[in-house]
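K.L.:
what follows is a predicted structure for the sequence shown.
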Amino acid sequence: VFNIYDKLVWLNFGVITTVLFVIFTMLGYVTLMYNLSDFTISLGYSQQQGATVSMMVSIGIIFGRPIIGRLSDMYGPINVTMIASFVVGIFALGMWIPCRNYATALIFACIEGSLMGSIWVNEAAIVVSITNLKKMGIAMALLWIIVGISGFVSPIIGIELKSGLVNGERSPLQYLHPAIFDGCFYIGAGLALFVLRGWIIARNEILEQEGEKLLKENNDPANLKLLITVPPKRAIEKMFSLKTCSIRI
């Protein structure tokens, strides 16, 4: 289906939650990606060394994304991306803020690079677990629009959050607010997936228990997953469920 707008897709709770995940991720992703080089220079290192730190993000991608993909096959794309988002956020707060030397900057960039792009590995798999293959394109088109808008404004926000010179000189303290911003938004992305995970587990249980009844009532098998209403209480309970944690979603 190639419609631009579909009410069942655009107003689905799972899709809306995924939109929030994408916004939070992109705000953190671009802010981190495009501040690392200048941050390294603010530590007193050369532009070449700053470029090397940025390059370490790509080094992390080389081994990180295949591992993320394999783990997602084993434990589910939502579970793995959620954990990766939390880890990126925690490292941004716990490692970027106190970073004061070149070695730490290199390691930090490599770790973040290996995990912060999990969205590119698993976005399609997350979407298809919410919708269906027939209407997956509608949801993906919406999310790519959100990716573009979020990616456009995030470097502007990152620049505005950067403080002025400290005593007339560059200082890593200039990047305190961007680091806090980055960490909080990646943790927010993880929380969005935490909510989505509970909702999907509850929806799948309803589908297994009442699928035939719902099919008779709606007579629309292609959109059955999108037509199910999940009680909020049930979704909240399933957020903390561990019984399906290792099952592919």
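P.N.:
Received it, and whenever you're ready, just let me know what you need. The structure displayed is predicted, hence computed values, not measured ones. Numbering: from 1, shown residues only.

K.L.:
from here on, just use CA atoms for contacts and neighbour counts.
P.N.:
Fine.

K.L.:
what's the next secondary structure element after the helix or strand containing A179?
P.N.:
Per DSSP states H and E: A179 is located in helix 176-218. Per DSSP H and E, the first helix or strand lying C-terminal to helix 176-218 is helix 224-227.

K.L.:
give the buried residues for the following helix or strand past that following helix.
P.N.:
Counting by DSSP H and E, the next helix or strand C-terminal to helix 224-227 is helix 232-239. Using 16 or more other CA atoms under 10 Å as the test for burial, helix 232-239 gives A235, I236, K238, M239.

K.L.:
assess the claim that the third one and G198 are in contact.
P.N.:
Which is K238. Yes - between K238 and G198 there is a contact under CA atoms under 8 Å: 4.5 Å.

K.L.:
from the contact counts, what lies against the one helix or strand in the chain whose mean pLDDT sits lowest?
P.N.:
Across the helices and strands of the chain, mean confidence by mean pLDDT, DSSP states H and E is lowest for helix 224-227: a mean of 81. Here helix 224-227 touches helix 7-10, helix 176-218, going by 3 or more CA pairs under 8 Å, 6 or more residues apart in numbering; DSSP states H and E.

K.L.:
apply 10 Å and report the result again.
P.N.:
helix 7-10, helix 13-33, helix 118-130, helix 176-218 (3 or more CA pairs under 10 Å, 6 or more residues apart in numbering; DSSP states H and E).

K.L.:
for the helix holding A179, what is the average pLDDT?
P.N.:
Averaging pLDDT along helix 176-218 yields 88.

K.L.:
and for the residue lying closest to V57 once chain neighbours are set aside, the neighbour number?
P.N.:
Leaving aside its sequence neighbours, V57 sits nearest to G113 (CA to CA, 6 or more residues apart in numbering; 4.1 Å). Per other CA atoms under 10 Å, the neighbour tally for G113 reads 27.
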